[in-house]
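K.L.:
Okay, sequence plus prediction incoming.
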Amino acid sequence: MKQLFNIGARRLALATLAASAFGTGAQAATITISCGSVGQDFEFCKKFTSEWARKTGHEVKLFTIPNSTTDILALFRQMFAAKSTDLDIVNVDVVWPGVIKDHLLDLKPYTKGIEKEHFPAIVANNTVDGKLLAMPWFTDAGVLYYRKDLVEKYGAKPPTTWEELATTAKTIQDGERAAGNKDFQGFVFQAKAYEGLSCGAVEWIHSYKGGNVVNDKGEITINNPGAVKALKTAASWIGTIAPQGVLNYAEEEARGVFQNGNAAFMRNWPYAWSLGNGADSKVKDRIGVSALPRGGVDGQNAATLGGWQLAVSKYSKNAEAAASLVLYMTSPEVQKERAIKGSYNPTIVSLYKDKEVLAANPFFGSLFEVFTSAVPRPATATGAKYPEVSSAFWNATHDVLSGKATAEDSLRKLEARLKQVKRNQW
């Protein structure tokens with residue numbers, strides 16, 4: 001892999017190339033881009049799009065989207081159905097390319113092969129019917145955050161199984177509450193009925209060797225003993241080491257509790273690292289990160305593959321300028337700065353050997369295998385029907401966590417529901 005050039009020089013070169021792509025007399029375009037709204041995503045988006053606009057002469061407008069991935073997809077599908085030209089660049093969850101493939105532009109004519117610098121699995125994920133529908137922007141996998149100081153205080157170690165986590169979390173929780181912090185929780189995670197719960201449940205089930213919801217062949221495999229064990233285990237956390245309120249937590253709610261010093265453990269994505277170590281964080285410099293626990297001693301570590309891509313809407317009136325901005329936003333220089341300042345996992349392999357990136361995010365190196373072998377949700381196998389599959393899955397899981405159904409009954413009903421969704425084929 002080639003050595004990365006000086007960031008400023010490379011950026012200027014990229015922007016100059018982008019500007020020259022339109023010819024000397026090309027008219028300035030206004031490009032509207034949707035940016036993430038979680039963590040520092042929006043601020044980074046504003047910074048880098050402004051930089052590109054200054055150097056190319058184009059104008060960029062930011063399109064505000066909801067926090068929930070479920071709501072974002074619903075909004076985009078509504079806009080695509082109307083063939084709206086209001087949005088040029090869309091941010092695409094890793095599970096969406098097969099769902100919205102008919103509305104995205106093939107980026108291959110614009111990339112000049114630059115996608116070869118990115119993780120091949122993510123490029124393959126973003127390629128449908130031979131078309132590169134999105135450029136990798138950052139990748140993600142679930143990780144376990146823990147309070148280093150409290151784990152040490154109570155003579156424990158970072159847990160390697162879910163059973164160990166429950167025991168250690170209860171010990172720390174009881175101790176901290178006895179010491180006066182009545183709001184202290186053992187473990188916080190995403191248990192709201194939305195896509196984030198599908199991510200967590202895939203991790204639990206895979207860790208207990210319960211496979212996935214649907215396997216690579218498209219077979220519905222969710223109703224099995226490993227999956228039952230996983231959901232029973234997760235349900236046992238509610239009201240013991242996790243608050244009842246966790247049933248309404250997404251990423252930011254969990255981060256808020258942990259960052260305010262009120263939780264021993266948290267399941268979240270890598271973005272929470274830089275915020276947890278920010279100047280205003282009550283747990284700054286006291287956070288450890290490890291792989292998510294195994295399902296028992298015979299289980300396996302499992303982290304759900306997450307991450308976002310940038311794509312150009314097929315209905316954009318300024319496709320060339322939009323593609324130029326996508327390539328700029330996903331470039332090594334921008335990804336490096338986002339990694340250092342925002343702990344966003346790069347999709348460019350060489351950045352995992354970059355000393356500055358590793359200094360800012362030590363776990364990028366130690367958990368490299370977690371990120372490269374993350375478990376995908378069953379989006380490829382189920383294609384356009386994935387949103388229905390995931391919705392049925394997270395609702396079935398939420399019913400178990402909230403005590404509305406047993407794991408056995410819920411998974412049996414889920415299996416029947418998925419057969420209805422599949423009918424003859426996905």
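P.N.:
Ah, there it is.
K.L.:
Confirm residue 202 sits in a strand?
P.N.:
No. Using DSSP: H, G, I helix; E, B strand; the rest coil, the assignment for residue 202 is helix, not a strand.
K.L.:
who's in contact with it?
P.N.:
212, 213, 302, 304, 375, 377 (CB atoms under 8 Å, 6 or more residues apart in numbering). The way it works is simple: take the backbone N, C-alpha and C, and place the C-beta from them, glycine included.
K.L.:
ok, residue 145 - how many residues close by?
P.N.:
Other residues within reach of residue 145, judged by other CB atoms under 10 Å, total 26.
K.L.:
In three-state terms, label it for me.
P.N.:
Going by three-state DSSP: residue 145 is strand.
K.L.:
Next up, the contacts around it.
P.N.:
258, 265, 266, 267, 268, 272, 273, 276, 287, 288, 289.
K.L.:
Tell me the one among the contacts of residue 202 nearest to residue 141.
P.N.:
Taking CB to CB as the measure, residue 141 lies nearest residue 304 of the contacts of residue 202, at 6.7 Å.
K.L.:
Quick check: pLDDT value at the closest residue to that closest one other than its chain neighbours.
P.N.:
Among residues not flanking residue 304 along the chain, residue 199 sits closest, at 4.2 Å (CB to CB, 6 or more residues apart in numbering). For residue 199, the pLDDT comes out at 97.
K.L.:
Surely residue 167 is in a helix?
P.N.:
Yes. Per three-state DSSP, residue 167 lies within a helix segment.
K.L.:
who touches it in this structure?
P.N.:
Residue 167 sits next to residue 159 when contact means CB under 8 Å, 6+ apart.
K.L.:
Do you know the pLDDT at it?
P.N.:
Confidence score, pLDDT, at residue 167: 98.
K.L.:
any idea how far residue 204 is from it?
P.N.:
17 Å (CB to CB, to the nearest Å).
K.L.:
How about residue 310?
P.N.:
Relative to residue 204, residue 310 is positioned 30 Å away (criterion: CB to CB).
K.L.:
so what secondary structure elements neighbour the helix or strand harbouring residue 410?
P.N.:
Applying DSSP states H and E as the criterion places residue 410 in helix 407-422. Secondary-structure packing of helix 407-422 (3 or more CB pairs under 8 Å, 6 or more residues apart in numbering; DSSP states H and E): helix 225-235, helix 386-401.
K.L.:
So what touches the longest one?
P.N.:
Looking back up the chat, that one is helix 386-401. Applying CB under 8 Å, 6+ apart, the external contacts of helix 386-401 come out as 70, 73, 95, 98-99, 191-195, 197-198, 201, 213-214, 222, 231-232, 234-235, 238, 247, 377-379, 382, 405-407, 410-411, 413-414, 417-418, 421.
K.L.:
filter those residues to the buried ones?
P.N.:
Buried members of these, counted by 16 or more other CB atoms under 10 Å: 70, 73, 95, 98-99, 191-195, 197-198, 201, 213-214, 222, 231, 234-235, 238, 247, 377-379, 382, 405, 407, 410-411, 413-414, 417-418, 421.
K.L.:
Where does pLDDT dip in the stretch 1-150 of the chain?
P.N.:
Low-confidence regions of the stretch 1-150 of the chain, defined by pLDDT under 70, span residues 1-26, 39.
K.L.:
Which residue ranges make up the domains of this protein?
P.N.:
7-133+306-368, 143-304+375-422 (automatic domain parsing).
K.L.:
I'd like the distance from the first one to the chain centre, please.
P.N.:
Which is domain 7-133+306-368. 15 Å (CA atoms, centre = their mean, to the nearest Å).
K.L.:
what's the answer for stretch 404-417, then?
P.N.:
27 Å.
K.L.:
for the record, mean pLDDT for that stretch?
P.N.:
Here stretch 404-417 scores 98 as its mean pLDDT.
K.L.:
Just the CA trace of it, in CSV.
P.N.:
C-alpha atoms of stretch 404-417 as CSV (Å, rounded to 0.1, in the frame of the first residue of the first chain):
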residue,chain,number,x,y,z
LYS,A,404,-44.4,-10.0,26.8
ALA,A,405,-43.4,-13.4,25.4
THR,A,406,-41.1,-16.3,26.1
ALA,A,407,-38.1,-16.8,23.9
GLU,A,408,-39.5,-20.1,22.6
ASP,A,409,-42.9,-18.7,21.7
SER,A,410,-41.5,-15.5,20.2
LEU,A,411,-39.0,-17.3,17.9
ARG,A,412,-41.6,-19.8,16.8
LYS,A,413,-43.9,-16.9,15.8
LEU,A,414,-41.0,-15.1,14.2
GLU,A,415,-40.2,-18.2,12.1
ALA,A,416,-43.8,-18.3,10.9
ARG,A,417,-43.9,-14.6,10.2
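K.L.:
Quickly note the distance from residue 363 to residue 258.
P.N.:
16 Å.
K.L.:
Hmm, I typed the wrong one, I wanted residue 79.
P.N.:
Applying CB to CB, the value for residue 79 to residue 258 is 35 Å.
K.L.:
So for those two, which residue has more residues nearby?
P.N.:
residue 258 (29 against 18).
K.L.:
What residues does residue 242 make contact with?
P.N.:
185, 186, 187, 188, 189, 191.
K.L.:
Buried ones from these, can you make that a PyMOL selection?
P.N.:
Selecting the buried subset of these in PyMOL, with 16+ other CB under 10 Å as the burial test, is done by:
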select buried, resi 185+186+187+188+189+191
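K.L.:
From the contacts of residue 242, which land in strands?
P.N.:
With strands taken from DSSP state E, the overlap with the contacts of residue 242 comprises 185, 186, 187, 188.
K.L.:
Tell me the spacing between the second one and residue 263.
P.N.:
Going back to what we said before, that points to residue 186. 7 Å.
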